[in-house]
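Trainee: Attaching a predicted model along with its sequence, questions to come.
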Amino acid sequence: MKRGDLILIGVVIVAALAFFVPKWLFQNQSENMHNANVYAEISVDGKLFKKVKITKEEQLIPVKTDHGLNVLKVHDGGIEMFDADCPDKVCLSFGFVTRAGDTIVCLPHRVLVELKSESGEESDLDAVVS
């Protein structure tokens, strides 16, 4: 390897660290500030059913409709569909959501849960693929 190659490799490594280290250091602080003012809007048949503040404390929210029963669980700064008596139970697969802009949907019961921020911000993530 020549001297110029080593310098180029060093510059690339320093540039990469300059972008990743601040994000890694301040990630938890920005997450905590971002999730501090998040609430869930629960809609049934397109009409607002209830607004719920997302907190660390555990709350169970039953959503009883003409179509069936869903139970939402708020805990640890997020919300999840805890139980549902719909036939396909697809709504249970949405998992635990924590960011503004995330949604949980139960089509058979026509229930929509949208996470929103009081400041109007949404998550900068478009999708997560696993």
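Mentor: Received the coordinates, thanks.
Trainee: in the chain, what secondary structure element scores lowest on mean pLDDT?
Mentor: Least confident helix or strand, the chain: helix 3-35 with a mean of 74, by mean pLDDT, DSSP states H and E.
Trainee: The helix or strand just after that one: which residues count as buried?
Mentor: Sequence order places strand 38-44 as the next helix or strand after helix 3-35, per DSSP states H and E. For strand 38-44, a neighbour-count test (16 or more other C-beta atoms under 10 Å) marks Val38, Tyr39, Ala40, Ile42, Ser43, Val44 as buried. Any C-beta I mention is one placed from the backbone N, CA and C, and that applies to glycine too.
Trainee: Next, format those residues as JSON lines and append pLDDT and distance to Met1.
Mentor: Shown next, in JSON lines, are the buried residues of strand 38-44 (pLDDT from 0 to 100; distance: C-beta to C-beta, whole Å):
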{"residue": "Val38", "pLDDT": "90", "distance to Met1": "51"}
{"residue": "Tyr39", "pLDDT": "93", "distance to Met1": "56"}
{"residue": "Ala40", "pLDDT": "94", "distance to Met1": "56"}
{"residue": "Ile42", "pLDDT": "96", "distance to Met1": "61"}
{"residue": "Ser43", "pLDDT": "96", "distance to Met1": "62"}
{"residue": "Val44", "pLDDT": "95", "distance to Met1": "66"}
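Trainee: which among those residues gets closest to Lys116?
Mentor: When the buried residues of strand 38-44 are ranked by distance to Lys116 (C-beta to C-beta), Tyr39 comes first, at 6.0 Å.
Trainee: is the closest one in a bridge, and if so with what?
Mentor: Lys53, Lys116 (DSSP bridges).
Trainee: Check Leu112 too.
Mentor: Ser43, Val105.
Trainee: what residues are up against it?
Mentor: Ile42, Ser43, Val44, Gly46, Thr103, Ile104, Val105, Cys106 (C-beta atoms under 8 Å, 6 or more residues apart in numbering).
Trainee: Looking at those, spot the one nearest Cys91.
Mentor: After measuring the contacts of Leu112 against Cys91 - C-beta to C-beta - the closest member comes out as Cys106, at 3.7 Å.
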